[in-house]
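J.: pasting a predicted model and its sequence here:
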Amino acid sequence: MLSVEHLKKSYPHSGGSLEVLRDISFTVEAGEFVTIVGPSGAGKTTLLRCLAGLLPRSGGSVTLTTSGRVVDSPPPEIACVFQDYSRSLMPWSKVGRNVEIPLKNKIRERGKRHEQVERALREVDLDGFADSYPWQLSGGMQQRVAIARALAYRPEFLIMDEPFASVDAQTRADLEDLILRVRHDAGLTIVLVTHDIDEAVYLGDRVVVMSGRPTTVVDTVTVDLPRPRSQIATKALPRFAELRTEVLKLITRDGAEVTA
Ligand SMILES: Nc1ncnc2c1ncn2[C@@H]1O[C@H](COP(=O)(O)OP(=O)(O)OP(=O)(O)O)[C@@H](O)[C@H]1O
């Protein structure tokens, strides 16, 4: 379980300080899919970077309660996928190598590493593409490489920052379903930030709604929609519409801009 308690983050700004996260507390249970929405500039990326140990906190704590580890640097249990696959993949390295590199310290034996790479590429339906370069693939395929790289690491937690924001609508829907499938198969715990309320409700077990800056948690909405989810059947449920309205009301209470 991941526990976030009274997390605070300010940045130095114009000789003073910019308070971004004022007081953020929530937990993520093992195996849970938690989505986070909030207005632009609320500090969602800042929050994820603090959760992943990539950014020092100004106060509060982030703890992996199973191991008791306080997250002060990137922990081995967590892997991240960011929005901009074009910046996160190395264009000069083939797909297989991109997926393999983070494994180098974890798995010393080359053969085992390659097995893990092939398995991860299969999980995202990219078997046969290990010898392609990222620039030879479509945007959606490149983001699948970034997901495979995270999966190959066999993390307990996957932290995703707007991972589907740079692809077209149909690819986005396909990637959403892919992540639901791999999460189910690998028993992953996922925290995902999105601007898109439909996506937050469709994917999540709970939606954490953040206020505008200086940011607090406005509320957490439990998504009591049946699984497995389906782009057509789930989104046609009256309960889906009720939940998206509930989240939208919580966000717009703050006067925020969102994709609804
Ligand atoms: N490294 C940094 N140094 C100084 N200020 C920063 C830094 N990173 C982010 N900020 C500021 O913190 C605030 C929150 O930024 P952040 O990117 O975390 O928000 P966000 O909710 O993810 O935004 P968006 O929804 O637009 O992607 C912004 O005002 C931003 O300018």
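T.: Cool, the structure landed. Numbers count the residues shown, from 1 in each chain.
J.: just the buried positions in stretch 108-123, please.
T.: By 16 or more other CB atoms under 10 Å, the buried positions in stretch 108-123 come out as Arg113, His114, Gln116, Val117, Glu118, Ala120, Leu121, Glu123. For the C-beta atoms, the positions are set from N, CA and C on the backbone; glycine is no exception.
J.: export the residues you listed to a markdown table and append columns for secondary structure and pLDDT.
T.: Formatted as a markdown table, those follow (DSSP: H, G, I helix; E, B strand; the rest coil; pLDDT from 0 to 100):
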| residue | secondary structure | pLDDT |
| --- | --- | --- |
| Arg113 | helix | 94 |
| His114 | helix | 94 |
| Gln116 | helix | 94 |
| Val117 | helix | 96 |
| Glu118 | helix | 95 |
| Ala120 | helix | 93 |
| Leu121 | helix | 96 |
| Glu123 | helix | 91 |
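J.: so what's the closest residue in space to Val28 that isn't next to it in sequence up against?
T.: Nearest residue to Val28, sequence neighbours excluded (CB to CB, 6 or more residues apart in numbering): Leu2, at 4.2 Å. By CB atoms under 8 Å, 6 or more residues apart in numbering, Leu2 lies in contact with Thr27, Val28, Leu51, Val62, Thr63, Leu64, Thr65, Phe157, Thr189, Val191.
J.: what of Ile36?
T.: Counting by CB under 8 Å, 6+ apart, Ile36 touches Lys44, Leu47, Leu48, Val191, Leu192, Val193, Thr194, Ala200, Val207, Val208, Met210.
J.: so which of those belong to helices?
T.: Among these, the ones falling in helices (DSSP state H) are Lys44, Leu47, Leu48, Ala200.
J.: mind listing what's buried in the helix or strand harbouring Leu175?
T.: Under the criterion of DSSP states H and E, Leu175 resides in helix 169-186. Residues of helix 169-186 classed as buried: Thr171, Arg172, Ala173, Asp174, Leu175, Glu176, Asp177, Leu178, Ile179, Leu180, Val182, Arg183 (neighbour count, 16+ other CB under 10 Å).
J.: quick one: residues contacting Val145.
T.: Tyr85, Leu89, Val95, Asn98, Val99, Leu121, Val124, Leu126, Phe129, Pro134, Leu137.
J.: got the domain ranges for this structure?
T.: Domain assignment for the chain, taken from automatic domain parsing, gives 2-77+156-252, 90-154.
J.: out of those, nearest to the ligand?
T.: domain 2-77+156-252 (3.4 Å; CB to the nearest ligand atom).
J.: the closest one vs the ligand: in contact?
T.: Yes - contact of domain 2-77+156-252 with the ligand (CB under 6 Å from any ligand atom) involves Tyr11, Leu18, Val20, Gly38, Ser40, Gly41, Ala42, Gly43, Lys44, Thr45, Thr46.
J.: mind giving me the PyMOL command for buried ones among those residues?
T.: The following PyMOL line selects those of the residues of domain 2-77+156-252 next to the ligand that are buried, judged by 16+ other CB under 10 Å:
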select buried, resi 20+38+42+43+44+45+46
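J.: closest to Gln142 out of the residues of domain 2-77+156-252 next to the ligand?
T.: Thr45 (19.9 Å; CB to CB).
J.: now do the contacts for the closest one.
T.: Counted by CB under 8 Å, 6+ apart, Thr45 has contacts Asp161, Val193.
J.: how about 10 Å then?
T.: Neighbouring residues of Thr45 by CB atoms under 10 Å, 6 or more residues apart in numbering: Val20, Leu55, Phe82, Gln83, Asp161, Glu162, Val193.
J.: could you do Thr65 as well?
T.: Thr65 neighbours (CB under 10 Å, 6+ apart): Met1, Leu2, Ser3, Thr27, Val28, Glu29, Ala30.
J.: phi, psi for the last one please.
T.: Meaning Ala30. The phi/psi pair for Ala30 (degrees, to the nearest 10) reads phi -60, psi 130.
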